[in-house]
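Chemist: Predicted coordinates and the sequence they were generated for:
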Amino acid sequence: MGILLQKIYDKFFIKVSDVDFTYKQDLVFEFFETSIGYSYKTTPHDLGYTLYSDNAVLIVYDVIENSGDITLNINSDSYTISLLDTDTKLEIAIKIKSAIISDYNIDLDNIEYPMLTITKPLTDNITLTFTDTDNINVNLIISKTYDGITINDLDIDEIELISLNMKKSYLEYLLKPLSRLKKQIGTKDFNRLESKVDEYKVYSLMLKDLNEEIEKFRQEFYSYTNSWVGEKWITTRKY
């Protein structure tokens with residue numbers, strides 16, 4: 001049957017609970033993909049997965065400076081939407097929703113930036129593009145939810161390992177620009193940037209500790225196996 005990828009994402013979010021990943025689905029998925037590469041040689045199950053492609057996401061990132069039309073293209077459907085320079089971000093989102101609601105299911109989530117999730121029953125793939133017809137400098141971000149499911153049912157320790165490696169990928173993401181800066185200007189000049197040095201030390205230490213935790217956790221895969229019996233997980237020693 002497999003498990004929903006969101007279950008793994010949620011496990012990762014708990015580990016970095018002080019970070020807001022709203023509107024950063026593509027970044028979270030990048031961490032997930034990297035973590036699969038880190039994890040697959042350890043886990044007993046194949047870590048293959050299938051992404052759902054029956055959705056598209058449109059984020060209204062900013063208000064516009066001029067009135068005019070935009071053209072929204074969803075698969076073979078085309079919609080012309082007239083916007084005013086007085087429209088708020090939410091009003092822009094509502095106009096877009098009103099234009100396409102008769103053909104597609106729309107979920108409007110208004111947090112900091114209004115986000116429209118577009119789906120349609122029995123549609124395997126949804127592609128979304130837009131054209132700024134009248135050059136009104138509308139700022140729309142097209143994304144997707146990165147929902148999906150694993151090919152196999154994964155054990156709880158396999159999910160835990162993937163989420164730990166997602167955190168590892170996140171810390172590497174934080175370290176990367178600092179490491180690049182250190183290499184570009186040299187260690188001596190880098191050490192003069194006290195705030196950058198402090199960041200580098202903190203993230204490096206966190207990554208070192210996490211790598212040790214992951215390595216220790218990986219060893220348990222070689223000694224134990226988990227199986228679902230009745231309504232609970234049973235852990236047994238392999239040897």
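Modeler: On my side now, so go ahead.
Chemist: Quick one: neighbours of residue 132, just the number.
Modeler: By the criterion of other CB atoms under 10 Å, residue 132 has 15 neighbours. Any C-beta I mention is one placed from the backbone N, CA and C, and that applies to glycine too.
Chemist: swap in residue 162?
Modeler: Residue 162 has 25 neighbouring residues, counting by other CB under 10 Å.
Chemist: I'd like the distance between it and residue 215.
Modeler: Look at residue 162 and residue 215: by CB to CB, to the nearest Å, they are 15 Å apart.
Chemist: any idea how this protein splits into domains?
Modeler: Here the domain parsing of the chain from automatic domain parsing is 5-51+152-237, 55-144.
Chemist: Lowest average pLDDT across those?
Modeler: Comparing mean pLDDT across these, the weakest is domain 5-51+152-237, with a mean of 89.
Chemist: who touches residue 22 in this structure?
Modeler: Contacts for residue 22 (CB atoms under 8 Å, 6 or more residues apart in numbering) come out as 111, 112.
Chemist: That one belongs to a helix?
Modeler: No - in this structure, residue 22 is coil, not part of a helix, as judged by DSSP: H, G, I helix; E, B strand; the rest coil.
Chemist: buried ones in stretch 45-55?
Modeler: The neighbour-count check on stretch 45-55 (16 or more other CB atoms under 10 Å) flags 47, 49, 52, 54, 55 as buried.
Chemist: Which member of these is positioned nearest residue 36?
Modeler: residue 47 (5.1 Å; CB to CB).
Chemist: which ones are touching the closest one?
Modeler: Counting by CB under 8 Å, 6+ apart, residue 47 makes contact with 36, 39, 40, 150, 152, 154, 158, 162.
Chemist: Neighbours of the third one, how many?
Modeler: Residue neighbour count, defined by other CB under 10 Å, stands at 15 for residue 40.
Chemist: can you check the second one too?
Modeler: A count of neighbours around residue 39, defined by other CB under 10 Å, yields 21.
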